[in-house]
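Participant: sequence unknown, structure follows:
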């Protein structure tokens, strides 16, 4: 009885307190609701987004890139430390910096060549007389290549060793390539020369070792990178193509993050495994070389002719080797020697972190990241992305600190925005992975999305996006809003700063106009004026064409009709059952979204299950066979290369900055997260269709039914449709804020529902059962596809059991995800 009285008493006091609060706020003069209620309904401000678009300045991006690429800045070198200080200085600037910025250091295991004993590739005869020595450095064409800090081409994490053997040509170094060679020759004691592509760098040596190969040389095939061009007159500095001596550096390992602290953040006191226990490294020496040296070696090989699909652009027939060189060659009866002196070291590598605190939901994070380190100067990779990120943070920093960006005064996002400038990415996604491992609990619970802009511009034709289907809709919204600059008008041009315009008199609204480098504005592109309208606060209000309005439409000079979306859909598109023809997220033949681990999105998407995207501008693939921009990871990837051949005028950089920044603002400011779970349903249905087409019959033949998978996808579609209806029927501005929070949590955590830590024990850090990497060429559920194809190849009962296991894993993951989308209340 006493307990009941106490309960009733407390209940009465609670009602009284609520009544007093309502009465207090209800009687406030001139206010119908407390200020915090108005703040809770904060939504994206379209006029602010337009002002952001107008403020992004391509000339400032150009200046950023010039500064970032002054010297080589490989991870943990003095050049890298200089970029740490530069980013910190920008983010701590009192006028355009962020709320806070700091560095976070990790003690990581890296691999470097020995400056005193350079790696060497030679051809020696039976008397050990050297007949040919591969170039140890790339030929200089500008002062950039002459910089003493340009690192010798090497295979990071490739083991040291001195080996000698007869040469064989093994195509791309896939298991199937070595198997073909092994059918006709003894590979024991040989050295293989392979080209980039087909499989990962490290896998080329990992695949070779079981066949007795003792060393591997890797080169860039000009047919696949240079459209067959090989002459110095046809390559850089005369075009964007790779010069004959150019060598692609890279990290030759299969696992991301610090190699000595798997699943643990690499702090000073962290437990480290012995170096001998590292998994996924090349077991035999491996070294990259230029195609000029590769031509000399391959064109002297004897033995049978290689398959047609293995042929390339060298002026000779590509033979397999006997093993070794042909009898008529001046290299006859000669061996190739490979001397590698790489060494592993513990180094301190820094992430630079910055933050703009959210005003309403500070415990919800929208994360934007790009790595900072490069192999040499890194004009494209990664400094094109860093230069874009610095411009985005400059504009957002001014928005936070200046009253001139918003008609409502200073801006602050609804949710917290975190920026990450990751260290040591080139050595295996180290900075981002260590950050994800250190803050796994907080990031898993609070992260809304991750935006990755690594290489912002591969070339200047069109946008390229890979993403979780959950964020497809916000990407499309942003790309429809932004218009691409007219490149003929904008050759070597810049943007008139909106901030500068609004802080000068007389006020004039120039929209998105351009200026040449001497400050002149091209004739005929002004299209509006800025005037003042009466406002109680006394601040000016924009008036466009004599009409006061807040949502000014920013158009690109000379390009008033072509949006980024419209341009994108011309190059890459697919047919959606829901929308018709739309741009193809992921650029795959089917649905294919964020698969693989090519950049810093990997720990966020695959390990943490955070909805992620990777944004860049790229080339017209119908006009080149290049698998990536040709100077990739070489000493020719410089500011000169970018400004002349990748993006003259930096307007594509500007477009990426606007697009990524607009997406960032919508994710940070929208009352309801701009996610669409029905787009996810369409992605799952596409994967299911490919499973039915390719794997249903062989599974059925082995007594395994995919009907449970079909039902799970059907239930996901039903749940997504119902949640869409709840959203459409809601008036979230006028309803309890808890409803918006609840729906947002359902949307935010959707990708997390597909994370299974036990799904892929042999795939380090891959836990997302939909978007994990796969070896199968079928665009469908990765674990299932790989397991079925392995079972088909072996016919073993235990392999079919594994296929059944992966079918159950993905089925239950989809079913479980569907339940997260349903109403969180008891059934009546």
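Facilitator: It's in. This structure is a prediction, so every number in the text was calculated from the model and none was measured.
Participant: contacts and neighbour counts: CA atoms only from here.
Facilitator: Fine.
Participant: The stretch 201-350 of the chain: helices as residue ranges?
Facilitator: 201-208, 222-225, 291-298 (DSSP state H, counting those that start in this stretch).
Participant: Pull out the buried residues from stretch 259-275.
Facilitator: 259-267, 272 (16 or more other CA atoms under 10 Å).
Participant: ditto for stretch 238-250
Facilitator: For stretch 238-250, using 16+ other CA under 10 Å, the buried residues are 240-250.
Participant: what's the answer for stretch 50-68, then?
Facilitator: Applying 16+ other CA under 10 Å to stretch 50-68 flags 50-62, 64-66, 68 as buried.
Participant: how far does it stretch from start to finish?
Facilitator: With CA to CA, to the nearest Å applied, stretch 50-68 spans 28 Å between its terminal residues.
Participant: Could you tell me how far that stretch lies from the centre of the chain?
Facilitator: Offset of stretch 50-68 from its chain centre (CA atoms, centre = their mean, to the nearest Å): 20 Å.
Participant: for it, what is the average pLDDT?
Facilitator: Across stretch 50-68, pLDDT averages out at 97.
Participant: now swap in stretch 93-103 and tell me
Facilitator: Rounded mean pLDDT across stretch 93-103 is 97.
Participant: in it, what's buried?
Facilitator: 96-99, 101-103.
Participant: Looking at those residues, which is nearest residue 567?
Facilitator: Proximity to residue 567 was ranked across the buried residues of stretch 93-103 by CA to CA; first place goes to residue 96, at 32.2 Å.
Participant: who's in contact with the closest one?
Facilitator: Neighbouring residues of residue 96 by CA atoms under 8 Å, 6 or more residues apart in numbering: 90, 393-398, 401.
Participant: Any regions of the protein where pLDDT drops low?
Facilitator: Counting by pLDDT under 70, the chain has low-confidence residues at 1-33, 36, 403-409, 486-561, 586-593, 824-828.
Participant: most centrally placed residue in it?
Facilitator: residue 614 (3.9 Å; CA atoms, centre = their mean).
Participant: Could you say which helix or strand holds residue 54?
Facilitator: helix 46-55 (DSSP states H and E).
Participant: just checking, what packs against that helix?
Facilitator: helix 383-401, helix 498-502, helix 651-669 (3 or more CA pairs under 8 Å, 6 or more residues apart in numbering; DSSP states H and E).
Participant: isn't residue 79 right up against residue 67?
Facilitator: No: under the criterion of CA atoms under 8 Å, residue 79 is not in contact with residue 67, lying 11.4 Å apart.
Participant: Reformat the helices and strands packed on helix 46-55 as TSV; add mean neighbour count.
Facilitator: What follows is these, written out as TSV (neighbours: other CA atoms under 10 Å):
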stretch	mean neighbour count
helix 383-401	26
helix 498-502	18
helix 651-669	26
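Participant: before we move on, back to that, the buried residues of stretch 238-250 in strands, which ones?
Facilitator: residue 250 (DSSP state E).
Participant: Let's have the buried residues of stretch 238-250 in JSON lines, adding distance to residue 115.
Facilitator: As requested, those are exported to JSON lines (distance: CA to CA, whole Å):
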{"residue": "240", "distance to residue 115": "30"}
{"residue": "241", "distance to residue 115": "29"}
{"residue": "242", "distance to residue 115": "25"}
{"residue": "243", "distance to residue 115": "24"}
{"residue": "244", "distance to residue 115": "23"}
{"residue": "245", "distance to residue 115": "20"}
{"residue": "246", "distance to residue 115": "19"}
{"residue": "247", "distance to residue 115": "17"}
{"residue": "248", "distance to residue 115": "18"}
{"residue": "249", "distance to residue 115": "16"}
{"residue": "250", "distance to residue 115": "18"}
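Participant: quick one on the thing from earlier: so the residue nearest to the centre of the chain: helix, strand or coil?
Facilitator: With DSSP: H, G, I helix; E, B strand; the rest coil as the basis, residue 614 sits in strand.
Participant: do you know how far the closest residue to residue 632 other than its chain neighbours is from residue 221?
Facilitator: Of all residues not flanking residue 632 in the chain, residue 248 sits nearest, at 6.4 Å (CA to CA, 6 or more residues apart in numbering). Using CA to CA, residue 248 is found at 11 Å from residue 221.
Participant: and what of residue 467?
Facilitator: Counting by CA to CA, the gap from residue 467 to residue 221 is 30 Å.
Participant: same thing with residue 239?
Facilitator: Distance from residue 239 to residue 221, by CA to CA: 17 Å.
Participant: likewise residue 751?
Facilitator: 38 Å.
Participant: For stretch 658-675, which outside residues touch it?
Facilitator: 41-45, 49, 52-53, 56, 365-366, 368, 392, 413-417, 448-449, 451, 453, 470-475, 478-479, 482, 615, 740, 743-744, 747-748.
Participant: Among the residues you listed, name the ones in helices.
Facilitator: Counting by DSSP state H, those place 49, 52-53, 392, 472-475, 478-479, 740, 743-744, 747-748 in helices.
Participant: Which one (most neighbours) among those residues?
Facilitator: Counting neighbours by other CA atoms under 10 Å, residue 53 comes out on top of the ones in helices among the contacts of stretch 658-675 with 29 neighbours.
Participant: Please report how far the residue lying closest to that one once chain neighbours are set aside lies from residue 725.
Facilitator: Distances taken as CA to CA, 6+ apart put residue 658 closest to residue 53, at 5.4 Å, once the chain neighbours are dropped. For residue 658, the distance to residue 725 (CA to CA) stands at 31 Å.
Participant: So which residues make contact with stretch 459-474?
Facilitator: Against stretch 459-474 from outside (CA under 8 Å, 6+ apart): 564, 567-568, 571, 585-587, 593-594, 611-620, 629, 646-647, 652, 656, 663, 666, 674-677, 679-680, 683.
Participant: What subset of these is buried?
Facilitator: 564, 567-568, 571, 585-587, 593-594, 611-619, 629, 646-647, 652, 656, 663, 666, 674-677, 679-680, 683.
Participant: just to revisit the earlier point, turn the buried residues of stretch 93-103 into CSV, including distance to residue 350.
Facilitator: Compiled in CSV, the buried residues of stretch 93-103 are given as follows (distance: CA to CA, whole Å):
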residue, distance to residue 350
96, 23
97, 19
98, 19
99, 20
101, 13
102, 10
103, 6
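Participant: can the residues you listed go into TSV with extra columns for secondary structure?
Facilitator: Shown next, in TSV, are these (three-state DSSP):
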residue	secondary structure
96	coil
97	coil
98	coil
99	coil
101	strand
102	strand
103	strand
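Participant: And these, which is closest to residue 147?
Facilitator: Scanning these for proximity to residue 147, where the rule is CA to CA, the winner is residue 103, at 27.7 Å.
Participant: and that closest one, what does it touch?
Facilitator: Per CA under 8 Å, 6+ apart, neighbours of residue 103: 84, 88, 350-353.
Participant: Which of the residues you listed fall in strands?
Facilitator: Checking the contacts of residue 103 against DSSP E, those in strands are 350-353.
Participant: got a winner among those for most neighbours?
Facilitator: With neighbours defined as other CA under 10 Å, the most crowded of those is residue 350; it has 25 neighbours.
Participant: residues contacting that residue?
Facilitator: 76, 84, 103-106, 422-423, 431.
Participant: how about CSV for those, with distance to residue 385 and secondary structure added?
Facilitator: CSV is the format used below for the contacts of residue 350 (distance: CA to CA, whole Å; DSSP: H, G, I helix; E, B strand; the rest coil):
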residue, distance to residue 385, secondary structure
76, 19, coil
84, 15, helix
103, 19, strand
104, 20, strand
105, 21, strand
106, 22, strand
422, 12, strand
423, 14, coil
431, 16, helix
